[in-house]
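Novice: Kindly generate the corresponding structure for this input.
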Amino acid sequence: MNQDRRYLPLYNGNGKWISRPDLFVLVRMGAPDDEKESTIWEAYRHMSEISDNSSIELNPLDAIIERKFVRSNMSERRYAAMVVREIARLYLNGVTPTLGKAVKLITRPLLEEQSARLESSVSEQVRKAFSRFRNTCHLEAAYRSDGPRFQTFENDPKKFDEFLSKAKALEELLDWVSAQGSLKWNPWRVPEHFTPNFKGKVTKLSVQEKALIGVA
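Specialist: Alright, predicted model coming up:
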């Protein structure tokens, strides 16, 4: 079930964009759900107000902040995004999506990547990752929707708007799943005026995948 709604603070008190909403979203996605909001704002303020964003080369402090708040936890964030992708796939294949089914679908390909790991270990790894990034998983999935190339929206207002519309569509899907009692989350929501819009190919569930999650 959902808690009280909270939105990404991308606008100031006058209803205008904060100076760099794109950077705020990158910082927010890189931080786990239990990170202090004051720490996230400090990192954002440094990146948006103090850093020399005109320089290609990062100074040592900027590099540390980027590594901790933008480029960190990439494996866990990937797993959280994979969960969202499989939830969407289940829904679009006419199967009631649940976290458990999504984790089962993800575990098999990850086992191929991590051949030395046990299935139960990989499954638990995915669940822990989703738990840590549950409330930004829709953002991460939208960010990664173009595959390894990612959705690069930094300093690109058009791509940033497209990213937010993708994330809004995934947010609404996860809201529906949550309303069925199959998922608990308290997401950082995309502002309401963004129109949900996510285009992409959806692959059918294979016979093996259907057997794995117990559907005909």
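
Novice: what about the chain, any weak spots by pLDDT?
Specialist: Filtered on pLDDT under 70, the chain yields the residue ranges 1-3, 50-59, 116, 148-151.

Novice: Scan this protein for its longest helix.
Specialist: helix 157-179 (DSSP state H).

Novice: Can you tell me what sits against it?
Specialist: Applying Cβ atoms under 8 Å, 6 or more residues apart in numbering, the contact partners of helix 157-179 are 1-2, 21-22, 25, 84, 87-88, 91, 97-98, 137-139, 141-143, 145, 151-153, 183-185, 187, 189-191, 194-198. Using the backbone N, CA and C atoms, a C-beta is placed for each residue, glycine as well.

Novice: Buried only: go through those residues for me.
Specialist: 21-22, 25, 84, 87-88, 91, 97-98, 137-139, 141-143, 145, 151, 153, 183, 185, 187, 189-190, 194, 198 (16 or more other Cβ atoms under 10 Å).

Novice: out of those residues, which are inside helices?
Specialist: Per DSSP H, the subset of the buried ones among the contacts of helix 157-179 in helices is 21-22, 25, 84, 87-88, 91, 137-139, 141-143.

Novice: Need those residues in CSV (columns: distance to Thr203).
Specialist: Output for these, formatted as CSV (distance: Cβ to Cβ, whole Å):
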residue, distance to Thr203
Pro21, 33
Asp22, 30
Val25, 28
Val84, 15
Ile87, 14
Ala88, 11
Tyr91, 13
Cys137, 20
His138, 20
Leu139, 23
Ala141, 16
Ala142, 18
Tyr143, 20
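
Novice: Quick check: closest non-adjacent residue to the residue nearest the centre of the chain.
Specialist: With distances taken as Cα atoms, centre = their mean, Glu140 lies nearest the centre of the chain, 2.2 Å away. Closest residue in space to Glu140, ignoring its immediate chain neighbours: Ala81 at 4.3 Å, by Cβ to Cβ, 6 or more residues apart in numbering.

Novice: Can you say which helix or strand has that neighbour in it?
Specialist: helix 74-92 (DSSP states H and E).

Novice: Could you list every helix and strand in contact with the next helix-or-strand element following that helix?
Specialist: Downstream of helix 74-92, the next assigned helix or strand under DSSP H and E is helix 99-113. Under the contact criterion of 3 or more Cβ pairs under 8 Å, 6 or more residues apart in numbering; DSSP states H and E, helix 99-113 touches helix 74-92, helix 119-132, helix 207-213.

Novice: Give me the angle between the longest one and helix 119-132.
Specialist: This means helix 74-92. 90 degrees (axes from the mean of the first three to the mean of the last three Cα atoms, to 10 degrees).

Novice: Which positions in helix 74-92 come out as buried?
Specialist: Those would be 76-91, for helix 74-92 by 16+ other Cβ under 10 Å.

Novice: swap in the last one?
Specialist: By neighbour count, and taking 16+ other Cβ under 10 Å as the criterion, the buried residues in helix 207-213 are 209, 213.

Novice: cool, the second one as well?
Specialist: Residues of helix 119-132 classed as buried under the neighbour-count rule (16+ other Cβ under 10 Å) are 122-123, 125-127, 129-130, 132.

Novice: Leaving out sequence neighbours, find the closest residue to Gly200.
Specialist: Nearest to Gly200 is Ser145, by Cβ to Cβ, 6+ apart, at 6.4 Å.
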